[in-house]
Each structure stands twice: as structure tokens, then as C-alpha cells.
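[1] how does the following fold in three dimensions:
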Amino acid sequence: MNPDGQPHVAVLAGGVGAARLLAGMVQAVPPGLVTAVVNVGDDLELHGLRISPDIDTVVYTLADAIDPERGWGLRDETWRTMENLDRYGGTTWFRLGDRDLATHLFRTQRMSEGAPLSTVTAEIAAAWELGLRVVPVTDDPVGTRLTLLPDPAAAGGQVGPEEVSFQEYFVHRQHGVPVLAVRFEGDVAARPAPGVLEAIMTADVVVIAPSNPIVSIGPVLAVPGVRNAVRQRRESVVAVSPIVGGKALKGPADRMLRELGHDPSVVGVARLYAPLAGTLVIDEADRALADDVEAAGLRCVVTDTIMRDRAAAAALSTIVLHT
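    Numbering: from 1, shown residues only. Next up is the predicted model:
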């Protein structure tokens, strides 16, 4: 605990829900007490550039620079580069705005010079004058790979299951194809980035953000040492459900849970997190399931979890930190 009584916080983060919670967290406690441990399973290399979508979503959101309508990329963006790339017949299904490109150019340059991703991420966060620490869960390549049911509409008449990258599934296929399995390529050989395990083991509160448990939090926990560190802190771990009223507020988490054999409700989330978290925070819409959550082995806190704005995110963060 900080001398002024404020808790040190480590947040396992991935995607839009985590970014919004972090924007509230740095209002609930001083930013310098917060470490965001961010998923890299969504990372990709495209046009020769190193792209880290979850890291950038966290940074842009905390800098109040995110595009509010898309929920990713920068506001007031222009698209001249994509327009000209499309003219040449280049790959444009993964959209990169003109201003956003600067981030990827810088990351690629620094990593080509030998800087690890964690160092570059710290430099990017500092350039946006963020007070918290943003760190990738690992400096090593870990890629989320999904096995999909055959898509009858796909070119080439795919007749069997197909394994694709996360961005191929999420962006190119618009997460519209059922998922049969998920694995994390490179996880066995990966090592936690500097400071990750220390942040988890020394935090007063460890928070599992309201991100997709399978493909946002899953790759974080897959890095050797991370799951065990979280498990050791179980009584101090608070998870926030990404499922509200049986639905994901954004993305395919509810469908993916169902497709992979889990209950697509707060009860299913509770069962997934029971070995890791002592408390699950659920929305008022799911109050009737609170007893079932506790039957799964977690304390249950019921509150408004929908982060409509930063004030709502700050209110939720305050509750999370004082359960």
C-alpha cells in the first residue's frame, strides 16, 4: 500500500473494455500506482510494420486520443495512405490511418534497432504523457491462432477446418465464423517482460479487466509464470465480467464462449476465473445470477459495469479496488 493509503494496482488488459477501465482506474488512484499488463496475442506484422493493436488502444484511450466511434485508432484520422494502397491493389482490410502509421513506424524502427517491445511501449506511453506503466505481457512473439469452421462463402471452397490469426478472424472475417479451438503460438518459449511478474506479485489489487476471457486475457495467462503468479494472489484478484445480460458489450466474447463449450453468462465467466480470482464483479442486469457466481467459488459484487463515460469508469474502478 502506498504511504497515503492508495493501493498499487496491476491490471491484466486486452482490448477496448480494458482500455476504458484503465481510463477510470487512473482517476480512482494516482496513475503512477497502476501497471497495465497488456495482451500481445493480437499483434501482427503487416506492410513490414510491427503493429500492437491492444497496446495502442490502451495508449490512445488513456491519452484521450482514441476515435470514439470506432473504438480504435486515432480521432480526426485521415486515410490517404490506405486510399493509395488500395489503388495499387495492396492489402487494406486491416485499416491503418495516416496518423496511426507514425506509431507503427516508430515501433518498427526501434525494434529493428534492437529495442524490445517493452522498452518501445514505455517510450510510446511517455510520448503521450501517460502517468501509468504500460507493459506488454512478453517481449517474445505470442500469436493467437483460431481454428474456424469451414466458411462456405470463402474463396476456394474451403471444406475443412481452417486455422487463422486473430486479426484474420476478427477484422478480415468480421468474427463471423464459428470457432472450434484457440491456441497461443509461441507461448511455451515466451518469458514475461521485465517487471510483469513483480507487478502482479507486489500489487495490492490485481484486476482482470472486462476483456474477452479466451482471446484477450487467455494469451496473457498463457505466458509461462503469469497464470501461476495470478493464482498465488487469488484472494487479492478481482475480475470484472465482460458479459452483461448474457451478451458481450463489444466483440464476440459471448459467441466464442458458447462455441467453445462454456456458459455464455457471468456464471461461465466465474467458472473460468474461479482458480484465479477471489471476486467477480458483475452488472446489475445479472443480479439474479449472483448466487450461482458464488456457487462457482468466488465472491460476487453487483454494480453498474457499463462504462458509458470516464466518470462511470472511475466509479466502477473505485468499487473494484475496494471490494
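[2] can you report how many residues lie near His322?
    11 (other C-beta atoms under 10 Å). For every residue, glycine as well, the C-beta is placed using N, CA and C.
[3] relative to Pro192, how far out is it?
    Separation of His322 from Pro192 (C-beta to C-beta, to the nearest Å): 28 Å.
[4] quick check: the nearest residue to Tyr169 once chain neighbours are set aside vs Leu272, distance?
    Once flanking residues are discounted, Tyr169 sits nearest to Leu146: 4.8 Å by C-beta to C-beta, 6 or more residues apart in numbering. Leu146 sits 17 Å away from Leu272, going by C-beta to C-beta.
[5] ok, now Ala253?
    For Ala253, the distance to Leu272 - C-beta to C-beta - is 11 Å.
[6] and Ser165, by the same measure?
    23 Å.
[7] between these two, which is the more surrounded one?
    Between Ser165 and Leu272, Leu272 has the larger neighbour count (other C-beta under 10 Å), namely 21 against 18.
[8] could you tell me whether the more buried one really is in a strand?
    No. Using DSSP: H, G, I helix; E, B strand; the rest coil, the secondary structure at Leu272 is helix, not a strand.
[9] with adjacent residues omitted, what lies nearest to it?
    Nearest non-adjacent residue to Leu272, counting by C-beta to C-beta, 6+ apart: Pro213, 5.1 Å away.
[10] in a strand, that's where that neighbour is, yeah?
    No. Assigned with three-state DSSP, Pro213 falls outside any strand and is coil.
[11] state the pLDDT value of it.
    Pro213 carries a pLDDT value of 97.
[12] OK, contacts around it?
    Pro242, Ala253, Leu257, Val269, Leu272, Tyr273 (C-beta atoms under 8 Å, 6 or more residues apart in numbering).
[13] got the buried residues for stretch 121-128?
    By neighbour count on 16 or more other C-beta atoms under 10 Å, the buried set for stretch 121-128 is Thr121, Ala122, Ile124, Ala125.
[14] thanks a lot, catch you later.
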